[in-house]
Every structure is written in C-alpha cells, then in structure tokens.
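In: everything below, folded, please.
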Amino acid sequence: MGRRKPGVTEQQARSNLDAIFREIQNERAGHAESQPERPVALERRIILRSGSRGISILSAQFSQTLVILMAMVGVVLLIACSNVANLLLARAHTRTKEIAVRLAIGAGRGRLIRQLLTESMLLSTMGAILGLFMAIRGGNFLLVMLSTGLTSITLDIKPDLRILWFTGAVCLATGILFGLTPALLTTRFELNPMLRENVRGHGQSGSGLNIGKILVIGQVGLSLLLVVVAGLFVRSLHNLKNQDLGFNRENVLLFRINPETIGHEANQAKNLYMELLNRIEQIAGVVSASLSEYSPMDGYRGIAAISVPGYTPQSDQSRLVDLIPIGPRFFETMRMALLLGRDFSRQDSEESPKVAVINETMARFYFHDENPVGRTFTREAENSSQQMEIVGVVRDSKFLSLREQVSRAVYVPFLQTGNSPWGMTFSVRTVAHPVGLISQVRREIEAIAPNLPLFDVRMLDEQVDYSLIRERLIAKLATLFGLLAVFLGCIGLYGVMSYAVARRTGEIGIRLALGATTRNILWLVVREAMLLVLIGLAIGIPATLATTRLISSELFGLTNTDAFTISLATLLLVTVAFVAAYLPARRAARVDPMVTLRYE
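Out: You can find the predicted model right below:
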C-alpha cells in the first residue's frame, strides 16, 4: 500500500508503477527462458484501488452475483409498486364523487394532489419501516445461506446509516412516482358531469382502469423475466452438481499436515508421511488412503513447463501443464479410472527413475492416437531439467473448479519431488461417512508426532459443495424472488379483475337476466384476464431473451435461450394467472341478476 504524493494523479502513479513492475517481471522471466512462470509473469499488471474500499475475498467472489441479485430486487420492488399504484387507482375511482364535491366547494387541484401524495407516501413509509425491521431481524438468513458445513461466514450486515439513507431515498422515490399518476388522474375530470353521475359509476371504464391493465401487463412481463432467470440459475446449479467430475466425492476425509511446522526436514517429512499413511490404512473402516500436494476443488494447482520429443510448441502457453504431486493409491482412493499403464508405488522413490502419469487431455494433445505409455518428456525447471517416463494414463477429472475446462495434467510421485512448503493433504476413503474417524486419525498422528497439528479437516463432498457456494446463493435467492414476483403479479391481476367485475356488476346482471349461462360469464372474465397475460408474455419473452444475455457468463451447460426453461416459466405463469383470474370470474358468475337489477 502506498500514499500518493500531493499533485500526483492516479494515472501517473499507475504509469510509473507499471514501468517498474515490467522491468522486474522481464528480469525474472529472462533468467531462464524455459521457466514455467515466464508467460504468466509477463502478463501480470499493476492494479491500483482505493484503500478506503479495502481488500475482500468475499467482495471479489460475490460482487457480480450481488449486482444481479440487486437488479432482481429492483424488479420485485417495481412489481410491488405497480400493485400499490393499481390499489391507489382503484381507490381513487371509488372517491371520484368525494373529489368532485371537494373541488366544487373550492378546494384547489394542487391541494388535493398533495393530499393524495401524502397518502401514498404514508404507504411507502410504512413499507420501508417494515422492511427495515425485517432486515434487522432476518439479516442473518443471508449468512446462513452463504455458510456451509465446511465454513461459517461471519459478517456484520446490520443496516447502517448508508442503508437508512438508501431506504429513505427508495421510499421517497416510490411514494412519489407511483402515487403521482393516480393523484393526477383522480383530479382531472369535468366537474359538472361527475356531480350528476352515479356515485358507483358501474360500467365506466375510465383511463385509470386502462392504466391498471397496462400495469398488469408490465407485471406479467417482469414476472416472466424473473422466473426465467431463476430457472436458468437453478438448472445451471443442477448441471454443475450432476456433471461427471472424474472422481467419486463420497466418503472421503481430507486433512492437511505440515511437518516443517515442527522442524522436520524434507527427508524426515517424507518418512513421516509414509508412516502415517501406513497407520491410517490399518484403521478399521478405511478402504484406502493416499496423499497429494493439492486436492480436488481446493482452488490450487501447480504448474510446469515441459518439452515433448517430436512436438513443436506453438507458444509458451502450449508447453505449460498442471503438475500434481501425489502418493501411492491416489487414483484408487479418488476412484479415478486408470485407463493405461500402472499406478505409482512405494518403489517410485527419489533414487528410482522419474515417472509420471498423464491425463487423457494431455495424451491427446501431445500424442494424438498413439499410446503414450513408455514415451518420455522433459520437465523444465529454472536451472535444471528432468526427463520423465510416462507409465500411465488416467481419466480426465475436474481439479481446480467445477466450471473449468479440463487442462493438461501431469501426476508425479511426491517422493520424487521437493517437499511442499505448505504440507500435504491426506485423502482417506472409508466404508461409511468418515466423520467418525477423525478422532482415530488424530490419535495416530499423536503417536508419531505429538506436536503436529491438523489443518483443513473436511470431507471431500463438503469441499466440492463449498466450491458451489456462489451458485447456490444466487439460485436460492433468484428462486425466492421469482416466486415472489409471480405471487405479486397474480395479486395484481386478481385485484384488477376483481375491480373490473365490481364495476361491471350491473352489466353481468343484465347478461344473466337475458339468458347468459354461468359458463358464459366465467369465459367473459377469464378471457379478458388471459388476454392481459398473453400480451404481457408476448412483450416479456423478447425482453427476457435480450436481458438474460447479460447473465450468459454465469450459466453452465445451457444458454440464456434455453427453450425448456422459458417454456416451463411461461406455463407456470399462465397456470397461476389462470387461477388468479378464475376466482373473480367465479364470483361474477354467482351474481344474482334480480338483486343486482333491483340495486341498480
């Protein structure tokens, strides 16, 4: 971190640091042209950020996800405010006579608009207060969704002054924007005809009702957008969870030890690893055990530059492969299928010939359809090189993340490599769930190294699940917002149709008196409602296709135009909307024509 001198702009500071940094990187990369980090080092750049924002792993991991969720929250708020606007429009029509009388006795139109805006602001303020209370009481719900059995996340997410200001601004904006239109429409009419008009105004279809229908159409379109987005995220999560990982994640215990923390040298550490491995394999319930420098889905991997006889590299990048030091029986423990050749054994020591097992991707890349077993390649280090013989080919597997494309990988015996500065991760496959073996593993470690601590004790399936924490969060909350949007949209449709039925009670009574059947009245009301829904879908589907392009990078195994997801979302929306329309339609069909006509 550094503080800029007075008068030095951020651009000037970045330019100066970039020049210095490039010199350092070129100097480091130029020492050995074959250095594996060289192409990566030359691509590195300095990024300047304000120190007031701090550095947060959670921020880097969830910032884009939270922006998407914030946009979905905004859409839900828009749907809710549309419902409030419809409520105010319906209420305003029932108060038309009252407003006309007020105007007739001298009240100014501006005074009435202010009164109606005050009422809408009261609604939004009460909603904001309720929302803040729910946020204070239920804010930890988000942390529960973020946390897993592997890691518990602790954050202070109580609303602060900035949240209060933001909530107040949203409250003010929604109260004015969605209360102004009903207020203007309520006070804009010819006074004399309105005073002569029947108070209830049955059969009238003023502009307020038309605007209400337009709002319902918009709600349907926005609801479709949220349901489709939720469906895409849920299906992406399903694809990620159910893809073929190349290994079996069930019943595997992981833990890491580092003998260097208690003063062991490299050879002592390797002896300790092997002795502990022997002891663990003798524990009842253990099927197999092994160790590795990196474990699947832990977010780390090694890198090495290699040269293969007969292959001419097209670039520095084509010489880089993942390098994963492992112990004997690692493939058996992880249930990674060995396709050709053999596994490593305890005889693959530092004194024996250097060997390696490669994955399918590397075999295809360098050897095409030829059998690579018995072939050699050279592993290039900074000041030396090693010739290695390929003794096996293992099936491709995901190692760094569930979203990665499988890269070229070389597995080498850990006994033939240098000691890892951060220790080794043990993998223990058991017959049943391995949580009960943790105490036994601790006792075995205490028997040979009483002061050696265990790090990162977890289950492999938990580690895989933790890599999906971001996808699980957005899928859960997107589903919640999508269902909430459908619920609010259907409430809006129900409200508009109920109000329309109430205004058309006289008409419906006359139709029934003239011989219309219950089925005719049901179809009359449902048809009008479903027409609004179909118009909303016709507008919403193209808008959804255009909008979901923005989240294409967040999807996995499908595109934003996935026909199944869009069809399912449309069917869900139509079904729920039909139910919302059927309820006021059934009430309209039960109107007694004699009572209605006598009342009129």
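In: just the helices from the stretch 101-250 of the chain, written as ranges.
Out: Ranges of helices in the stretch 101-250 of the chain, per DSSP state H, counting those that start in this stretch, are 109-138, 140-146, 161-186, 191-196, 207-242.
In: whoops, the stretch 501-600 of the chain was the one
Out: Under DSSP H, counting those that start in this stretch, the stretch 501-600 of the chain gives helices at 505-513, 518-547, 563-589, 593-599.
In: how about the third one: buried residues?
Out: By neighbour count, and taking 16 or more other C-beta atoms under 10 Å as the criterion, the buried residues in helix 563-589 are 565-566, 569-570, 572-573, 576-578, 580-582, 584-585, 587-589. Just so you know, the C-beta spots here come from the backbone N, C-alpha and C atoms, and that holds for glycine as well.
In: likewise the longest one?
Out: Taking 16+ other C-beta under 10 Å as the basis for neighbour counts, the residues of helix 518-547 that come out buried are 521-522, 524-526, 528-530, 532-533, 535-537, 539-541, 544, 547.
In: circling back to that earlier point, TSV please, covering the helices of the stretch 501-600 of the chain and showing mean pLDDT.
Out: Converted to TSV, these look like this (pLDDT from 0 to 100):
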stretch	mean pLDDT
helix 505-513	78
helix 518-547	88
helix 563-589	88
helix 593-599	64
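In: any idea which of those gets closest to residue 450?
Out: Smallest distance to residue 450 across these (C-beta to C-beta): 56.6 Å, for helix 563-589.
In: off-centre distance for that closest one?
Out: 28 Å (C-alpha atoms, centre = their mean, to the nearest Å).
In: which element, helix or strand, includes the nearest residue to residue 45 once chain neighbours are set aside?
Out: Excluding its sequence neighbours, the residue lying closest to residue 45 (C-beta to C-beta, 6 or more residues apart in numbering) is residue 18, at 6.6 Å. For residue 18, the element it lies in under DSSP states H and E is helix 10-30.
In: quick one: mean pLDDT over that helix.
Out: In this model, helix 10-30 carries a mean pLDDT of 80.
In: only C-alpha atoms, please: export it in CSV.
Out: Output of helix 10-30 as CSV, limited to C-alpha atoms (Å, rounded to 0.1, in the frame of the first residue of the first chain):
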residue,chain,number,x,y,z
GLU,A,10,-3.8,8.1,-10.1
GLN,A,11,-3.0,7.7,-13.8
GLN,A,12,0.6,9.0,-13.3
ALA,A,13,1.1,6.6,-10.3
ARG,A,14,-0.2,3.7,-12.4
SER,A,15,2.1,4.5,-15.3
ASN,A,16,5.2,4.8,-13.0
LEU,A,17,4.4,1.6,-11.2
ASP,A,18,3.7,-0.3,-14.4
ALA,A,19,7.1,0.6,-15.8
ILE,A,20,8.9,-0.5,-12.7
PHE,A,21,6.9,-3.7,-12.5
ARG,A,22,7.5,-4.6,-16.1
GLU,A,23,11.3,-4.3,-15.6
ILE,A,24,11.1,-6.6,-12.6
GLN,A,25,9.0,-9.2,-14.4
ASN,A,26,11.2,-9.1,-17.5
GLU,A,27,14.3,-9.5,-15.4
ARG,A,28,12.8,-12.5,-13.5
ALA,A,29,11.4,-14.1,-16.7
GLY,A,30,14.6,-13.5,-18.6
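In: nearest to the spatial middle of this protein, which residue is it?
Out: residue 474 (3.0 Å; C-alpha atoms, centre = their mean).
In: residues contacting it?
Out: Contact analysis of residue 474 by C-beta atoms under 8 Å, 6 or more residues apart in numbering lists 65, 68, 69, 233, 554.
In: give me the mean pLDDT for stretch 238-249.
Out: 89.
In: can you list the strands that the longest strand along the chain pairs with?
Out: In the chain, assigned by DSSP state E, the strand with the most residues is strand 385-394. According to DSSP bridges, strand 385-394 forms sheet pairs with strand 338-341 (antiparallel), strand 355-359 (parallel), strand 376-380 (antiparallel).
In: ok, back up a step: mind pulling up the pLDDT for the residue nearest to the centre of the chain?
Out: Per the predicted model, pLDDT is 87 at residue 474.
In: which element is it on?
Out: For residue 474, the element it lies in under DSSP H and E is helix 469-503.
In: care to break this protein down by domain?
Out: 10-53, 66-243+468-599, 252-431 (automatic domain parsing).
In: among those domains, which comes closest to residue 454?
Out: Going by C-beta to C-beta, the one of those nearest residue 454 is domain 252-431, 5.1 Å.
In: so where is the stretch 251-400 of the chain shaky, pLDDT-wise?
Out: 315-317, 381-384 (pLDDT under 70).
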